[in-house]
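> Next input, structure requested:
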Amino acid sequence: MPAAARLLVVQRVLAPGDAPDPATFGDLNMLVMVGGQERTAAEFAALYEAAGFRPPRILPTAAGVSLIEGQLA
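Numbering: from 1, shown residues only. Here you go, the predicted structure:
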C-alpha cells in the first residue's frame with residue numbers, strides 16, 4: 001500500500017459499557033445469525049493499530065452508521 005493509503009469502513013459503532021444503544025440489537029442479531037459482531041470504538045482502534053494503521057477517526061453519520069477512517073502509521 002502507498003504511504004498515504006487510507007482504510008475506510010462504514011459500520012455501526014457500539015457505545016461502550018451498558019449504555020442503551022440501537023446498535024446493540026443489531027449486534028445480537030448478527031452474532032446469532034452469522035457469527036459476527038459489532039465493535040466499540042476501542043475495539044476498532046485495536047484492530048486498526050494491529051494492522052499498522054494509526055488510531056482511526058470515527059465520524060458518526062445521520063444514517064446510524066459511522067465512517068471509520070485510518071491512515072497508515
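
> so what's residue 47 up against?
Shown in contact with residue 47 (CB atoms under 8 Å, 6 or more residues apart in numbering): residue 39. The C-beta positions use only the backbone N, C-alpha and C, and glycine is treated the same way.

> what mean pLDDT does the strand or helix carrying it have?
Under the criterion of DSSP states H and E, residue 47 resides in helix 41-50. For helix 41-50, the mean pLDDT works out to 94.

> Give the buried residues for it.
41, 44-45, 47-48 (16 or more other CB atoms under 10 Å).

> what's the answer for stretch 28-38, then?
residue 38.

> And for stretch 5-22?
7, 9, 12-14, 21.

> In contact with residue 12, which residues are there?
Per CB under 8 Å, 6+ apart, neighbours of residue 12: 23, 26-27, 38, 64-66.

> If I look at it, what pLDDT would I see?
Looking at residue 12, the pLDDT reads 86.

> and the gap between it and residue 5?
Separation of residue 12 from residue 5 (CB to CB, to the nearest Å) stands at 24 Å.

> One more: residue 54?
Residue 54 sits 11 Å away from residue 5, taking CB to CB as the criterion.

> and for these two, which residues touch both?
Shared contacts of residue 54 and residue 5 (CB under 8 Å, 6+ apart): 71-72.

> one step back: right, and the helix or strand after the helix holding residue 47?
Per DSSP H and E, the first helix or strand lying C-terminal to helix 41-50 is strand 57-60.

> Work out the sheet partners of that next one and label each with its direction, please.
strand 66-71 (antiparallel) (DSSP bridges).

> could you give the angle of the partner strand to helix 41-50?
30 degrees (axes from the mean of the first three to the mean of the last three CA atoms, to 10 degrees).

> What ranges in this structure fall below the confidence cut-off?
For the chain, the stretches with pLDDT under 70 are 24-25, 27, 30, 35.

> Apply 80 and report the result again.
When residues are selected by pLDDT under 80, those of the chain lie in 1, 3, 15-38, 73.
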